[in-house]
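Chemist: Fold the stuff below for me.
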Amino acid sequence: MHWFFLFVAAAFEIVWASGLKATDGFSRLWPSVIVLAAMAVSMGLLALAARGLPIGTAYAVWTGIGAAGTAIYGIVRLGEDVSVSRLVCLGLIVVGVVGLKLLAK
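Modeler: This is a model prediction of the structure:
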């Protein structure tokens, strides 16, 4: 169950990180409310996951999924630059997350 909490927390991290641009520096009400709510849910679920997982592993997986997911969102939805080197780096993040999952006790 702890891994489930962690993966859902990471999904909410992608939501809030991707939504930051829409808040326009937290000057737009509803995007800001959504981002802040997603932050709260993400942190709360990370805390629940950390009850049963090593904090270093939980945090690294949470940030890795969040970083890669947000970068992919930027490429797909926001038209951010994509290059082979950027995709390789994203792949390395994914490999690291999978490795941490496989090696976790």
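Chemist: Okay, and G69 sits in which element?
Modeler: According to DSSP states H and E, G69 maps onto helix 55-77.
Chemist: which strands and helices sit next to that helix?
Modeler: Judged by 3 or more Cβ pairs under 8 Å, 6 or more residues apart in numbering; DSSP states H and E, helix 55-77 is in contact with helix 2-23, helix 29-50, helix 84-103. From N, CA and C alone the C-beta is placed, and that goes for glycine too.
Chemist: Taking the centroid of the protein, which residue is nearest it?
Modeler: By Cα atoms, centre = their mean, the chain has its centre lying nearest to G66, at 1.6 Å.
Chemist: contacting residues around the nearest residue to that residue once chain neighbours are set aside?
Modeler: In this structure, G66 finds its nearest non-sequential neighbour in E13, 3.5 Å apart by Cβ to Cβ, 6 or more residues apart in numbering. Contact partners of E13, counting by Cβ atoms under 8 Å, 6 or more residues apart in numbering, are 38, 42, 62-63, 65-66, 69-70.
Chemist: give me that answer again for 7 Å
Modeler: Listed by Cβ atoms under 7 Å, 6 or more residues apart in numbering, the contact set of E13 reads 42, 62, 66.
Chemist: Likewise for I14?
Modeler: Residues near I14 by Cβ under 7 Å, 6+ apart: 66, 69-70, 73.
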